[in-house]
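*Asks:* no sequence on hand, only this structure:
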């Protein structure tokens, strides 16, 4: 199987757009402040925009699509026709397969957890004038970690696709010591049945 430029372009663009969404989610995290309720003595939290939740979920979906495309084309390394054994390309393909999956799962966990935590809003927090009032917000760096792992997933996926295309046999396997041996015969020379008298 040769490397397909359109597949490579799709995988790279999905990863890069997911990276942009993850960076955008980090920049647009929700901020909150506790304000007093005008009708009673309790306070409540007022949150800014929820755009980072949508950005994080978009990055999550694009990264999932990209990983699906790579593993669909390569048949997830498990269901294909087989790789050439004993070569460095096969070793690289296995290494980058594991690397791309670890970085993919880490990025997906950061993006999904960040989106869920950013969507969480504290309602009423306490009595007005009480001590230690704080509103639940997403910690800084969760989407940034997802963005960094998205780039690592991009590198792992592209190198996995490249190594897999070099190690893929396409259904043909090289057999050793088979074929027609024209010079060496395994049969001993037999004398003719009839001899001259």
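*Replies:* Here it is on my side, so go on. None of the values given here were measured: they were computed from a predicted structure.
*Asks:* where does this protein dip in pLDDT?
*Replies:* For the chain, the stretches with pLDDT under 70 are 1, 80-82, 121-134, 169-197.
*Asks:* hmm, 80 instead?
*Replies:* 1-2, 31-46, 49, 76-87, 120-138, 168-197 (pLDDT under 80).
*Asks:* that one: strands as residue ranges?
*Replies:* Under the criterion DSSP state E, the chain contains strands at 32-36, 42-47, 124-127.
*Asks:* tell me which of the ones you listed sits most buried.
*Replies:* Looking across the strands of the chain with neighbours counted as mean count of other Cβ atoms under 10 Å, the highest average goes to strand 42-47: a mean of 16. C-beta here means a position set from N, CA and C on the backbone, and glycine is covered the same way.
*Asks:* that one to strand 32-36, inter-axis angle?
*Replies:* Compare the direction of strand 42-47 with that of strand 32-36 by axes from the mean of the first three to the mean of the last three Cα atoms, to 10 degrees and you get 150 degrees.
*Asks:* adjacent strands (with direction) for strand 42-47?
*Replies:* Applying DSSP bridges, strand 42-47 is found paired with strand 32-36 (antiparallel), strand 124-127 (antiparallel).
*Asks:* just to revisit the earlier point, would a markdown table of the strands of the chain with distance to residue 135 be doable?
*Replies:* Listed next are these as a markdown table, based on distance: least, Cβ to Cβ, whole Å:
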| stretch | distance to residue 135 |
| --- | --- |
| strand 32-36 | 4 |
| strand 42-47 | 4 |
| strand 124-127 | 7 |
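*Asks:* residue ranges of the helices in the chain, please?
*Replies:* 5-27, 51-73, 88-119, 142-167 (DSSP state H).
*Asks:* in a markdown table: these, plus mean neighbour count.
*Replies:* Shown next, in a markdown table, are the helices of the chain (neighbours: other Cβ atoms under 10 Å):
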| stretch | mean neighbour count |
| --- | --- |
| helix 5-27 | 19 |
| helix 51-73 | 21 |
| helix 88-119 | 19 |
| helix 142-167 | 22 |
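*Asks:* looking at these, which is closest to residue 42?
*Replies:* Of all these, helix 88-119 sits nearest to residue 42, with 22.8 Å by Cβ to Cβ.
*Asks:* coming back round to it: of the strands of the chain, which is nearest residue 3?
*Replies:* Between the strands of the chain, strand 42-47 lies closest to residue 3; by Cβ to Cβ that is 46.4 Å.
*Asks:* and the angle for the closest one with helix 88-119?
*Replies:* 140 degrees.
*Asks:* quick check: chain neighbours aside, which residue is closest to residue 99?
*Replies:* residue 156 (4.2 Å; Cβ to Cβ, 6 or more residues apart in numbering).
*Asks:* isn't that neighbour right next to residue 103, touching?
*Replies:* Yes. With contact defined as Cβ atoms under 8 Å, residue 156 counts as touching residue 103 (5.4 Å).
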